[in-house]
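S.K.: can you look at this prediction? I've put the sequence above it.
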Amino acid sequence: MNVIEQIHEHRSIREYKSDPIPKDLLDEILEAGIRTSSSGNMQTYSIVVTRDPSLREQLLVPHLQQTMVVDAPVLLTFCADFHRMRRWLALSDAPDNFDNYFSFMVAAIDAVLVSQTVALAAESKGLGICYLGSTFSNADQIGEILDLPKNVIPVTGFSLGYPAEDPDLRDRLPASGLIHQEKYRSISDAEILDIYEKREVAGWKRYMQSKRLKTLIQESGVVNLAQLYTTVKYNKSSHQAYSRKILDYLSQQGFMNNAPE
């Protein structure tokens, strides 16, 4: 299939065959990723390829016991990385202007861009992936396990392997609610409800199919998908805790040293 057809067929894969990924194939996929655009062509990212089962077992905890971390043969972690470049600057007697939050964001965007190219390359070869939001949520723990040096932050990652399932396509919000022509268009309350109408049904159905989530939903008393998101899945206290932890880790890793006065 062509690239656009492939994109429309994307599914997150959570169950994998035990078959290993041949080294030549993995190298081909990763080298395709390296061709991704990056800010100033600095390529301020690194990709950590983790195949060792015992190491992936350690990563299972910060990845919130998501079993694809150990069931897939490969785990890829994409990191915002100014460590390499800042060492090059020092060796070249050049000023170092990258110990700040803006630089982290530049590198984080680089890492996310390359991750999506690798994902597309992998799927074009019949492999499956599942992105792991826990990569950033627990960046400090993952960074420790992976021996990440200063100026390196895990930003995103995914499991990688041959699919052992063929899940249904997930719903997406309509293009009319996501795309604005020329300038941002004011959206009425009625349009907002229309944009989320199908998601309200499909999302609620999906979460109620999970025994664990169904129990949490029933115990919490939520009555719609919006309430489910912010009461059961993404509550305020957890987001505040993750925010503080990430900001502390950014400081520890050398990205908060040039705050403007």
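M.R.: All right, it came through fine.
S.K.: the longest helix in the protein is where?
M.R.: In the chain, assigned by DSSP state H, the helix with the most residues is helix 101-124.
S.K.: now that one, how far from the centre of its chain.
M.R.: In this view, helix 101-124 has its centroid 9 Å away from the chain centroid, taken as CA atoms, centre = their mean, to the nearest Å.
S.K.: now stretch 50-62
M.R.: The answer for stretch 50-62 is 17 Å, by CA atoms, centre = their mean.
S.K.: that one: end-to-end distance?
M.R.: Stretch 50-62 has an end-to-end distance of 15 Å (CA to CA, to the nearest Å).
S.K.: let me see the mean pLDDT of that stretch.
M.R.: Taken as a whole, stretch 50-62 has a mean pLDDT of 98.
S.K.: what's in contact with that stretch?
M.R.: Residues outside stretch 50-62 that contact it (CB atoms under 8 Å, 6 or more residues apart in numbering): 20, 66-67, 69-70, 73-77, 134, 138, 141-142, 145-146. Placement of C-beta: from N, CA and C, glycine included.
S.K.: ok, stretch 227-244 next?
M.R.: Contacts for stretch 227-244 (CB under 8 Å, 6+ apart): 137, 203-204, 207, 213, 216-217, 220, 222.
S.K.: ok, stretch 190-200 next?
M.R.: Outside stretch 190-200, the residues that touch it by CB under 8 Å, 6+ apart are 171, 173-174, 176-177, 187, 224-226.
S.K.: helices of this structure, start to end?
M.R.: Using DSSP H, the helices of the chain run over residues 3-8, 23-34, 53-59, 68-71, 83-91, 101-124, 134-137, 139-145, 189-195, 197-208, 211-220, 225-227, 236-252.
S.K.: thinking again about what came up before, as CSV, the contacts of stretch 227-244 with pLDDT and neighbour count would be great.
M.R.: Shown next, in CSV, are these (pLDDT from 0 to 100; neighbours: other CB atoms under 10 Å):
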residue, pLDDT, neighbour count
137, 96, 20
203, 93, 18
204, 93, 16
207, 91, 18
213, 88, 15
216, 89, 16
217, 91, 20
220, 92, 13
222, 93, 17
